[in-house]
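[1] Below is the sequence, then the predicted model.
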There are 2 protein chains.
Amino acid sequence: MTEAARNIQHTVHTEDAIIVPRKRGVKTIEVDEELMQDIRELVHDRATPILKNILTDLHEADIGEIINHLEHEDRLYVFDLLDVPTGSVVLLELDSTIREQLLDALPSEKITAYVDRLASDDAADLVAELQPHVAEKVLRAMPTEDSADVKNLMRYAEDTAGGIMGTELVAVKMGNTLKQAIGEVRAAAKENMVIDTVYVIDDKGVLVGSLPLQTLVLHSPNRRVYKVMDADVKSIRTDVDQEEAAAMFRKYDLVSLPVVDTEGCLVGRITIDDIVDVIEEEHSEDVARLVGSDAEELERRSPYQIAILRLPWVLTTLAIEFLAGVVIHHFDETLSRVILLASFMPIISAISGNTGLQSAAIIVRAMSTGHVTLDRWWTPLARQVQTTLIIGSVCGIVLGMVGSIWQGKWEFGLVVGFSMFISVNISGIVGTTTPMISKKLGFDPALTAGPFETAFQDVVGISIFLSLATSLLHWIA
Amino acid sequence: MTEAARNIQHTVHTEDAIIVPRKRGVKTIEVDEELMQDIRELVHDRATPILKNILTDLHEADIGEIINHLEHEDRLYVFDLLDVPTGSVVLLELDSTIREQLLDALPSEKITAYVDRLASDDAADLVAELQPHVAEKVLRAMPTEDSADVKNLMRYAEDTAGGIMGTELVAVKMGNTLKQAIGEVRAAAKENMVIDTVYVIDDKGVLVGSLPLQTLVLHSPNRRVYKVMDADVKSIRTDVDQEEAAAMFRKYDLVSLPVVDTEGCLVGRITIDDIVDVIEEEHSEDVARLVGSDAEELERRSPYQIAILRLPWVLTTLAIEFLAGVVIHHFDETLSRVILLASFMPIISAISGNTGLQSAAIIVRAMSTGHVTLDRWWTPLARQVQTTLIIGSVCGIVLGMVGSIWQGKWEFGLVVGFSMFISVNISGIVGTTTPMISKKLGFDPALTAGPFETAFQDVVGISIFLSLATSLLHWIA
């Protein structure tokens, strides 16, 4: 046994009860740098039996993490050590570009086996990532019923309720007994479905109620479904945006949500784990946009692709900043007479740019959490203005005092201090209103709250400052 | 009946099945601006019976939203229309300052009634918000067992697993039968607990397994718990940070997670709805910090308080920017000889500041989603450097060309273009490494990735630019 293998034997959590049957579920070891190092050595030595042993004890999410961090040539080797049920889940945990590379290297029969094990929504997402000719092969090799499900799901736009729903669900008729419902849950469990709620439909398939598992446990098995079901069941239509689905989960503390078509017929369900992913996506998008990039940057794309993603933002910002340059050029004479003004330019533009960005980011966030709604736009604006009045005053006074001392003229201090005050306040107003106007016009508010806003602030701040300085030039020179 | 009341009668969803018993659950109407307007009118008319009728059909989250949006004097009136079970849940849905005001206006006996209806974790959070003397009164008036639970939960730090867990759970011994477990679930349901998993403990109370409700439904009631339980149950210790709990839910797609003390004894459970709140909090914190503020700003605090929250950030940024001013002052002579340099200063500092912020934000986000870990710091750094090499080159070339044409000297273009290139690349490196170093040192990476970073970039960018210009002055002047 190698040193690495011995370490791992030690790390493995020992079961204290041999009477306990081993079940598929959440496993007990997590990946730390030490375990990763050991696995790298074992992979290097191609120590297949020991590795298989270790992988059996790991959760699929952890195996995914390990494969993500291996060198390219070792990934296929480790992935091939996994059985099909584990491998199919591990595939979902991989970074998207790594998954693509792995799928490219696998024969279509193997891919079919993995896809066939997955929940319909995950299967559809995976097939959508395949090369078209491979996808076709895989779909043809699958059982007709499953491939129909997958093809059906692939019709929905990616970012709608239909695009994130799965078709694995248990539905019963109103007249059924609870015993029959329990029978359906049992049948579903045999197919590895995780069910938390049984849905109730009428003869046309229209969703009319729900039965949480708890209800099944609590009542006599002979009772009829309609007697104990919850008739006030929330649902969402296939074509509604996924962010709205996320908002419903958050607001109503849901664990799953049935999805219906335009006729109200039950066609799928969304579960909370998919929603957690949607929330994450949404946030990555907000953060990336605020700084002038795109959430896709987080996926492992090539640096070249990232540059292409960012360049339109950077070049637009550059174009706006050229305007600031033109403004300064316009005041060349003022600047040459009082060269110290140049020292105060970046200070004023940085602070007012920052204040604007603060207001913008807070409004964007508040709109996405629902703290601020458009029909009450004046409340946040009034609050931001009051806040920037205070911040502007403090910064104006500090800068004014520094300016007075530095140039040795209180008039100079007055000009820089007052410019600071005005431009911080304008920033606050523009920063608050721009995201709201963007949203009203149907753009992503984070899109206009970021670098463009800051660049625009530079132009405004510098214009105010140098105009003021020019008109009071005889005082300060 | 007033016009408003008639509108609402129309909006109310009609049940199509009178046989269906009315159950507490997710309700069917949502709040839009029209409904809000109608309610405002009814509140103004003090139309108590109609309002009560409408409120019965609304979800607690929606009632909370309505009260949030009412005028201060109307809030207590509407809240008083609610029965205790509804009111207690609505309290949780209110914005924190509004809740505080409402609680201040309520007598302590009423507060006790509400608190007593809540889940232990929510009760503890609510009591923690009360004035100390009111909290004491409320705790004394509660049943001893409940108040002990609440007091116990209040001991844990707010942002730990202990701080977000509830004590409502069902635990059985390994030797029990499934029938006994189902009996426990029934008893819990009578106390309005929502249970998705029964936990299994040994004689000392140590957590040894779990029984998802599905397992209870699937097996014969006479089987022993240890035969069918899942022994690989994940748990978390009370003192672990809530963000780590959130990471476990995300990674392992959990719906609930048992919490144990240092001895491994089961003391509570965390549910996914609390985790969704933690994820939201975490994101608000990240966004706010990136722009130099605090997530608390999202709560309805007074503009004065927000200014106090932001001022330390703004003033620190101001102090760093003074450094930039000093640097410029140092190069006064260069500037007076080639005044056009002043026009290019804000362009270079804005673009490199923005590039640095992009790199920083992406790294912060990637660290919080787990895409980037500290022990593999070189990968993201190498990628960011490659990206900024491309962005720096493109911006450098564009700026260089503009500079050459504007000043009419290619040497001038070379200086501005090359300065842009260098300073964008330094920004990328500093922007990537600063958050990683902060995290290594135990600070919040978002803390140093924001305005300080951008301000620092101003100092560096301007220093490089003006030094270069000065050393090549005989060329460009």
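    Perfect, I can see it now. Residues are numbered from 1 along each chain as shown, chains lettered A, B, ... in the order given.
[2] make it CA atoms for all contacts and neighbour counts henceforth
    Will do.
[3] where does chain A have low pLDDT?
    Regions of chain A meeting the criterion pLDDT under 70 cover residues A:1-31, A:295-301, A:370.
[4] can you give me the strands in it?
    In chain order, chain A shows strands spanning A:170-173, A:197-201, A:207-212, A:236-237, A:256-260, A:266-271, with DSSP state E as the criterion.
[5] Distance to chain B added to those strands, as a markdown table?
    Shown next, in a markdown table, are the strands of chain A (distance: least, C-alpha to the nearest C-alpha, whole Å):
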| stretch | distance to chain B |
| --- | --- |
| strand A:170-173 | 13 |
| strand A:197-201 | 10 |
| strand A:207-212 | 9 |
| strand A:236-237 | 12 |
| strand A:256-260 | 11 |
| strand A:266-271 | 10 |
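[6] I'd like those as a markdown table, with mean neighbour count and distance to residue B:167 appended.
    Converted to a markdown table, those look like this (neighbours: other C-alpha atoms under 10 Å in any protein chain shown; distance: least, C-alpha to C-alpha, whole Å):
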| stretch | mean neighbour count | distance to residue B:167 |
| --- | --- | --- |
| strand A:170-173 | 22 | 31 |
| strand A:197-201 | 23 | 24 |
| strand A:207-212 | 23 | 22 |
| strand A:236-237 | 22 | 32 |
| strand A:256-260 | 23 | 23 |
| strand A:266-271 | 24 | 25 |
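[7] As CSV, those strands with distance to residue A:245 would be great.
    Supplementary listing: the strands of chain A in CSV, determined by distance: least, C-alpha to C-alpha, whole Å:
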stretch, distance to residue A:245
strand A:170-173, 20
strand A:197-201, 18
strand A:207-212, 17
strand A:236-237, 7
strand A:256-260, 8
strand A:266-271, 9
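[8] Residue A:58: which of those strands is closest?
    Nearest to residue A:58, of all the strands of chain A, is strand A:266-271, at 23.9 Å by C-alpha to C-alpha.
[9] Show the contacting residues for residue A:452.
    Under the criterion of C-alpha atoms under 8 Å, 6 or more residues apart in numbering or on different chains, the contact list for residue A:452 reads A:316, A:317, A:320.
[10] Generate a PyMOL selection restricted to the buried entries among those residues.
    Here is the PyMOL command that picks out the buried ones among the contacts of residue A:452, judged by 16 or more other C-alpha atoms under 10 Å in any protein chain shown:
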select buried, chain A and resi 317+320
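[11] which one is the residue of the stretch 51-200 of chain A found nearest chain B nearest to, not counting chain neighbours?
    Nearest residue of the stretch 51-200 of chain A to chain B (C-alpha to the nearest C-alpha) works out as residue A:186 at 5.7 Å. Excluding its sequence neighbours, the residue lying closest to residue A:186 (C-alpha to C-alpha, 6 or more residues apart in numbering or on different chains) is residue B:218, at 5.7 Å.
[12] residues contacting the one you found?
    With contact set as C-alpha under 8 Å, 6+ apart, residue B:218 has these partners: A:182, A:185, A:186.
[13] Out of the residues you listed, the closest to residue A:303 would be?
    Using C-alpha to C-alpha, those come closest to residue A:303 at residue A:185, 48.3 Å.
[14] Get me the contact residues on the stretch 51-200 of chain A for chain B.
    By the criterion of C-alpha under 8 Å from any C-alpha of the partner chain, the positions of the stretch 51-200 of chain A lying close to chain B are A:61, A:182, A:185, A:186, A:194, A:195, A:196.
[15] 6 Å instead?
    residue A:186 (C-alpha under 6 Å from any C-alpha of the partner chain).
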